[in-house]
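Colleague: Got a predicted structure plus its sequence, pasted below:
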Amino acid sequence: MKSNKSIRNICIAAIKRSVSKPNDFLLTKMFETERLSEILDSPVRLANIDENELPISQTVIDKKNWTLVTTRQIISCIDGATKAASAANVKSSNWNDFKGYSNTSFTIGELETNTGTSIGIFIETGKASMITVHAIMTLVKLTKSGQS
């Protein structure tokens, strides 16, 4: 089982390979060294999180609309309703218009779980989309291969 630190390092490396610098985007951040307790001043309010989980990326539209990827799960809040999915349970993904062809600053993608439920995820469009997309793809791949 890989440590949370190792999982985050692998995910951050995958993100960095796909995102050109500078990567200071309006809605999306990636976390290379921060702990969850250090991002609590953000609109994201955390529940059902293991104290050893580490944040990987976050997209915040406002206090009621955000997505957080940790080393174990994807947590998303849409219109104030929070849902979470364990990375190990993600069955498929739909990234929607992440390239931003519709000229919007964000899109809502969707993850489907093994139990048949779905979770909406916020993705900042354009170059920033690669942070969320690669964070989730890499995290899911690591958990599917049984490495985490």
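Modeller: Arrived safely, thanks for sending.

Colleague: So which residues of this protein form helices?
Modeller: Along the chain, the stretches classed as helices by DSSP state H are 4-18, 129-144.

Colleague: Quick check: which of those has the most neighbours on average?
Modeller: Comparing those by mean neighbour count (mean count of other Cβ atoms under 10 Å), helix 129-144 ranks first with a mean of 22. (Glycine included, C-beta is placed from N, CA and C.)

Colleague: And the spatially most central residue of the chain, how far from Y101?
Modeller: Most central in the chain under Cα atoms, centre = their mean is V69, positioned 3.1 Å from the mean C-alpha point. To Y101, V69 is 24 Å away according to Cβ to Cβ, to the nearest Å.

Colleague: same check, this time on K83
Modeller: Counting by Cβ to Cβ, the gap from K83 to Y101 is 27 Å.

Colleague: can you map out the strands along this structure?
Modeller: Ranges of strands within the chain are 28-30, 55-62, 65-70, 73-78, 81-86, 90-94, 106-113, 118-124, based on DSSP state E.

Colleague: Tell me which residues touch C77, please.
Modeller: Applying Cβ atoms under 8 Å, 6 or more residues apart in numbering to C77 gives the contacts V44, K64, N65, W66, T67, K83.

Colleague: out of the residues you listed, which are buried?
Modeller: V44, N65, W66, T67, K83 (16 or more other Cβ atoms under 10 Å).

Colleague: what's the most distant pair in the residues you listed?
Modeller: Pairwise distances across these (Cβ to Cβ) peak at 13.4 Å, for the pair V44 and K83.
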